[in-house]
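# got a sequence here, can you model it:
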Amino acid sequence: MKRPVILVSTPDAGGIAAWWFIKLGVALAGGRALRATPAKSPPLCTAEGLIVSGGSDVFPELYGQQPQQKKKTGILPPRHLLKRVAGSVILPVFLFLLRRLLSLKQAPRHDRPRDALEMSLITQAETLGMPVLGICRGMQLINVVRGGSLHQSIADFYEDVRHPHTVLPHKRIFIVKGSHLQSFFPYTSLKVNALHHQAVDRLGTGLSVAARDEAGVTQAIIDEKKPFFVGVQWHPEYMPQHNSQRSLFTCLVRHARNYGRYKENHETPAPDGKQDNR
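Sure, this is the predicted structure:
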């Protein structure tokens with residue numbers, strides 16, 4: 001079978017660094033990434049998998065709340081950041097600097113056209129049985145689509161536990177015992193990056209918590225009844241140097257390839273010449 005196509009949703013403006021690194025992650029896993037934005041989105045039927053990437057906050061009215069003023073989380077102090085960077089390898093430092101360089105323009109806090117597009121894509125992918133990976137905002141939106149809600153600010157959760165806000169893997173998370181996520185990571189815990197200030201609150205229908213951090217904040221969600229329907233709070237695309245993070249893309253592409261085979265075997269020509277997916 002040809003390389004499976006993974007549709008990657010991004011904003012119209014910005015998100016270039018995330019797109020490049022997600023594209024790299026998909027390519028290393030054996031797939032081909034296809035970008036979708038609110039202004040220009042290829043039909044989902046042209047793909048075998050879906051990635052909903054990170055970015056602006058999900059509009060609160062979608063989960064029954066009004067926008068709140070942002071609170072600052074425990075950002076890693078500059079002196080500690082410099083110490084960590086000095087002790088890191090070249091690639092993480094390069095990723096950090098590149099992301100900063102490509103993120104100079106302030107992104108809008110809310111992006112309602114993007115909310116609409118990605119909610120539609122998630123719903124369609126579920127209907128089709130297509131594998132889905134949500135990254136940061138993408139995980140939060142998956143939860144909202146399933147009827148869940150979000151904490152608009154997680155600052156209060158980190159009064160006693162440090163919450164490093166960094167593209168480097170300095171945040172410890174713990175995989176929930178027995179979760180299907182353990183099949184992706186051969187560890188009970190691992191270190192990830194952290195670029196979020198919101199998180200899952202009330203869990204959506206059919207979802208379960210697959211990972212938490214030291215403060216108990218949800219770091220991954222999963223639908224155990226589906227072959228691959230996963231959301232992670234961190235950004236695996238910015239850690240291509242770690243096998244554990246590349247494995248997320250590898251698993252997604254593997255399931256996309258399986259979905260592609262199924263789709264090929266269940267598409268028959270309809271009387272009007274269109275394809276009928278059964």
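
# Ala125 contacts Leu44, doesn't it?
Yes. Counting by CB atoms under 8 Å, Ala125 touches Leu44, with 6.5 Å between them. The C-beta positions use only the backbone N, C-alpha and C, and glycine is treated the same way.

# can you pull the contacts of Gly134?
Applying CB atoms under 8 Å, 6 or more residues apart in numbering, we find Gly134 in contact with 51-52, 122, 140-142, 230-232.

# the same query, at a cut-off of 6 Å, please.
Counting by CB atoms under 6 Å, 6 or more residues apart in numbering, Gly134 makes contact with 52, 142, 231.

# right, and the second one touches Gln233 too?
When you say that, I think you mean Ile142. No. Between Ile142 and Gln233 there is no contact under CB atoms under 6 Å: 11.3 Å.

# the two: which has the busier surroundings?
Between Ile142 and Gln233, counting by other CB atoms under 10 Å, Gln233 is the more crowded of the two (31 against 28).

# how about that one, nearest residue that isn't a chain neighbour?
Closest residue in space to Gln233, ignoring its immediate chain neighbours: Gln219 at 4.5 Å, by CB to CB, 6 or more residues apart in numbering.

# ditto for Leu181
Nearest non-adjacent residue to Leu181, counting by CB to CB, 6+ apart: Ala210, 3.9 Å away.

# parallel or antiparallel, which strands does the host helix or strand of that neighbour pair with?
Assigned by DSSP states H and E, Ala210 belongs to strand 208-213. In the sheet, strand 208-213 lines up against strand 166-175 (antiparallel), strand 218-222 (antiparallel) (DSSP bridges).

# right, and the helix or strand after the last one?
Read it as strand 218-222. Where DSSP H and E defines the elements, the next helix or strand beyond strand 218-222 is strand 229-232.

# coming back round to it: any idea which of the strands paired with strand 208-213 is most buried?
strand 218-222 (a mean of 26; mean count of other CB atoms under 10 Å).

# quick one: residues in contact with that strand.
173, 180-181, 199-200, 207-213, 230-233.

# by neighbour count, which of those residues wins?
Gln233 (31 neighbours).

# for the protein, what spans make up the helices?
For the chain, applying DSSP state H gives helices covering 16-28, 78-86, 90-101, 112-128, 137-145, 243-265.

# can you check the pLDDT for the spatially closest residue to Gln68 that is not a sequence neighbour?
Excluding the flanking residues, the one nearest Gln68 by CB to CB, 6+ apart is Gln152, at 4.7 Å. Note for Gln152: predicted pLDDT of 92.
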